[in-house]
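Chemist: Below is the sequence, then the predicted model.
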Amino acid sequence: MKSYVVFISAVAALGGLLFGFDTAVISGVLNFIQPYFGLSEAGLGWTVSSLLFGCMVGVVVAGKIGDKYGRKKVLMLASLLFFVSALVSAGSIHLVIFVGARVIGGLAVGIASILSPMYIAEIAPAKYRGSLVSLNQLAIVTGILIAFFTNYMLIGTGEDNWRWMLLVMALPAVLLFFSLFFMPESPRWLVAVGNDASAMKVLEKTSVENEADLRLREIKQSLENKEEGSYRDLLKPKTRNILWIGIILSVFQQITGINSIMYYAPKIFAQIGQSSDTALLQTVAIGSINLIFTALAMVFIDRFGRKRVILLGSAGMATMLLGLSLLYKINATSGILVLVFILGYIAFFASSLGPALWVVVSEIFPNNLRSIGMSVALVSLWAACIIVSVAFPIILEVLNGAMTFMIFAIICILCFAYVWKYVPETKGKTLEELEKELIS
Ligand code: BGC
């Protein structure tokens, strides 16, 4: 694979790193902002979810403006928003300012969550597209790990510790902004706006086996006689099927419980009788497992295909959750087995649904509808993320651990069945070949 392609994918994936960091950093901050801003439990919940509402708006807006101004410029905008959010949230002395800054961060996360994988899918040669888009997930989990780690390191720095935790994000935001100058525009977008000459230049640098000409012709053909895609086009019978796949898979990625397990892990560990300090260290362990198994997915996703990877992963996640549920049922939650099941579940997610969702969602839509198609799918992802984060603590308290994990396990089994029956295999084909196959 050309190192240039890896380099520009890595630049785009920095958006994923900020996405991971910004969503995870709050887990270390919340214990300190609660007394500082005098928040009730409910108030804390809303303050924490403010970012997620920003994400929903960001993802909708990014699809449209990404089509108008290009993927690169809008990612630049995201890096600026990340920077402002880091500075303002770290410096805020009023709750309203803090929440506002988190919403701005959310806008940036939303933008990055759609444009980073989309950009990578649009520049990647078909043969390596799965691994390259998965680089974005590797960056997300790296961002999470950095947040867990810097939170842990900064915890003893006095009463302003939470401000430092938030400020860390300014650094990767600056890095993203400047690296973007080295990134070319997406060739698919360039053709869509009629700039074939520039598209050709990018294709020459990114295509394998000297196929730049052929790629350009295919892209032009796929966009011929097509207006800029509208929501109405998205709802036409053939594209509607694809849209459903995007939405349902995105929702499954969230309702199978990953964020509950990840962000509530310290609570789960505390509940089983460990000190909160070891809990934070355990969270770092979770981050590392995440990283290792995402890297594993990158090795296999183009070889075995997206579908097999998700099937194996959701079966594994279901098994781990059933184990966890059983432990809660028989009241055996104080031993090492809980840790094994939690880490096992995360390993299965990281090597399957984690990266594969972003890969599939950025591949299934036709060129003229990719932006708005991904917007709709990913808005569903963020909505599902909010619902699960609000509902999980309530369900855990009302129903207990055994039932809660059983519910997640059943959802994993449903995900397995859905993917088995409805999700097409997308490995190895160009986006234009997929377009022909899936909607004509
Ligand atoms: C998911 C996030 C999750 C992250 C880390 C992403 O693919 O969309 O919700 O926090 O992976 O596992």
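Modeler: Here it is on my side, so go on.
Chemist: I'd like the distance between residue 390 and the ligand.
Modeler: 14 Å (Cβ to the nearest ligand atom, to the nearest Å). The way it works is simple: take the backbone N, C-alpha and C, and place the C-beta from them, glycine included.
Chemist: could you say what helices and strands the strand or helix carrying that residue packs with?
Modeler: Using DSSP states H and E, residue 390 sits in helix 370-399. Using 3 or more Cβ pairs under 8 Å, 6 or more residues apart in numbering; DSSP states H and E, the elements in contact with helix 370-399 are helix 41-69, helix 95-123, helix 231-234, helix 237-255, helix 258-263, helix 353-363, helix 401-422.
Chemist: mind saving the C-alpha coords of the fifth one as CSV?
Modeler: Looking back up the chat, that one is helix 258-263. Extracted in CSV, the C-alpha atoms of helix 258-263 (Å, rounded to 0.1, in the frame of the first residue of the first chain):
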residue,chain,number,x,y,z
ILE,A,258,-20.2,-0.6,24.5
ASN,A,259,-20.3,2.9,26.2
SER,A,260,-22.2,1.7,29.2
ILE,A,261,-19.6,-0.9,29.8
MET,A,262,-16.7,1.4,29.1
TYR,A,263,-17.7,4.5,30.9
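Chemist: That one close to the ligand?
Modeler: Yes. Judged by Cβ under 6 Å from any ligand atom, helix 258-263 comes into contact with the ligand at 258-259.
Chemist: buried set for that helix?
Modeler: For helix 258-263, a neighbour-count test (16 or more other Cβ atoms under 10 Å) marks 258-263 as buried.
Chemist: any idea which of those is closest to residue 415?
Modeler: Using Cβ to Cβ, residue 258 comes nearest to residue 415 of these, at 11.7 Å.
Chemist: can you pull the contacts of that closest one?
Modeler: Residue 258 is in contact with 346, 349, 353-354, counting by Cβ atoms under 8 Å, 6 or more residues apart in numbering.
Chemist: which pair in the residues you listed spans the largest distance?
Modeler: Greatest spatial distance among those (Cβ to Cβ): 346 and 353, at 11.2 Å.
Chemist: Around the ligand, pick out the residues from the stretch 201-350 of the chain.
Modeler: 253, 258-259, 290.
Chemist: Now pLDDT too, for those, in a markdown table please.
Modeler: Compiled in a markdown table, those are given as follows (pLDDT from 0 to 100):
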| residue | pLDDT |
| --- | --- |
| 253 | 98 |
| 258 | 95 |
| 259 | 92 |
| 290 | 93 |
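Chemist: Max pairwise distance over those residues: which two?
Modeler: Going by Cβ to Cβ, the two entries of these that are most distant from one another are 253 and 290, at 14.3 Å.
Chemist: Neighbour count for those two, which is higher?
Modeler: residue 290 (28 against 25; other Cβ atoms under 10 Å).
Chemist: Quick check: that one touching residue 143?
Modeler: No. In this structure, residue 290 is not within contact of residue 143 by Cβ atoms under 8 Å, at 10.6 Å.
Chemist: If I take whichever strand or helix holds residue 338 and helix 237-255, what angle do their directions form?
Modeler: In this structure, residue 338 is located in helix 336-350 according to DSSP H and E. Taking axes from the mean of the first three to the mean of the last three Cα atoms, to 10 degrees, one finds helix 336-350 and helix 237-255 inclined to each other by 160 degrees.
Chemist: So which residues make contact with helix 336-350?
Modeler: Contacts for helix 336-350 (Cβ under 8 Å, 6+ apart): 137, 141, 256, 258, 261-262, 265, 268, 272, 282, 285-286, 289-294, 296-297, 312-314, 316-317, 319-321, 323-324, 327.
Chemist: Give me the buried subset of the residues you listed.
Modeler: 137, 141, 256, 258, 261-262, 265, 268, 272, 282, 286, 289-291, 293-294, 296-297, 312-314, 316-317, 319-321, 323-324, 327.
Chemist: Mind checking which of the residues you listed are in helices?
Modeler: 137, 141, 258, 261-262, 265, 268, 282, 286, 289-291, 293-294, 296-297, 312-314, 316-317, 319-321, 323-324, 327 (DSSP state H).
Chemist: Okay, and residue 429 sits in which element?
Modeler: Per DSSP H and E, there is no helix or strand for residue 429.
Chemist: And it, how far from residue 311?
Modeler: According to Cβ to Cβ, to the nearest Å, residue 429 stands 19 Å off from residue 311.
Chemist: try residue 193
Modeler: Shown here: residue 193 relative to residue 311, a distance of 39 Å by Cβ to Cβ.
Chemist: ok, now residue 351?
Modeler: Note on residue 351: its distance to residue 311, by Cβ to Cβ, is 12 Å.
Chemist: about what we covered before: residue 193 and residue 311 - which one has more neighbours?
Modeler: residue 311 (20 against 15).
Chemist: wait, isn't the more buried one in contact with residue 420?
Modeler: Yes. The pair residue 311 and residue 420 passes the contact test of Cβ under 8 Å, sitting 6.3 Å apart.
Chemist: give me the residue from this structure nearest the ligand.
Modeler: For the chain and the ligand, the shortest gap (Cβ to the nearest ligand atom) falls at residue 354, measuring 4.5 Å.
Chemist: Was I right to think that residue contacts residue 295?
Modeler: No. Counting by Cβ under 8 Å, residue 354 stays clear of residue 295, with 11.4 Å between them.
Chemist: So for those two, which residue has more residues nearby?
Modeler: Counted by other Cβ under 10 Å, residue 354 and residue 295 do not tie: residue 354 has more neighbours, with 24 against 18.
Chemist: what sits against the more buried one?
Modeler: 137, 140-141, 253, 258, 290, 294, 297.
Chemist: can you check residue 192 too?
Modeler: So residue 192 contacts 67, 223, 228, 367-368 (Cβ under 8 Å, 6+ apart).
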